[in-house]
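Visitor: Here's my sequence, what's the structure:
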Amino acid sequence: MDPLLTYLGPILTLTGVLGAAFFTYRASNRKLKADTGLALLNEHQEEIASLRKELADVRRTQRIQGDYIGQLRRHIADGSPPPPPAWPDGLVT
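Guide: Okay, the predicted model is just below:
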């Protein structure tokens, strides 16, 4: 038998196995990178939600402070004597 034909089959088989292993490895890494990106995206979305809640709390406090400043200014403008109006419930004294 021809030596080329004797070795050609195993060489082609080995080449096919190595090619399949390479492409499987590449596809696996691609999936891992996608999972990492998704995890990072989820983490950022949680952080954004937390920051939005914190911003809403700050805006609420700022609104309460602004209302209280208006009450104090009216109290002074009306010439009312001390004590000033009571602190709002939402503010820490």
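
Visitor: what's the distance between residue 64 and residue 50?
Guide: Residue 64 sits 22 Å away from residue 50, going by CB to CB, to the nearest Å. No exception for glycine: its C-beta is placed from N, CA and C like everyone else's.

Visitor: out of these two, which sits in the busier spot?
Guide: Between residue 64 and residue 50, residue 64 has the larger neighbour count (other CB atoms under 10 Å), namely 15 against 10.

Visitor: quick one: contacts for the closest residue to that one other than its chain neighbours?
Guide: Nearest residue to residue 64, sequence neighbours excluded (CB to CB, 6 or more residues apart in numbering): residue 90, at 4.5 Å. Taking CB atoms under 8 Å, 6 or more residues apart in numbering, we find residue 90 in contact with 60-61, 64.

Visitor: quick check, nearest of those to residue 80?
Guide: Nearest to residue 80 among these is residue 64, at 20.8 Å by CB to CB.

Visitor: re earlier: give me the subset of the contacts of residue 90 lying in helices.
Guide: 60-61, 64 (DSSP state H).
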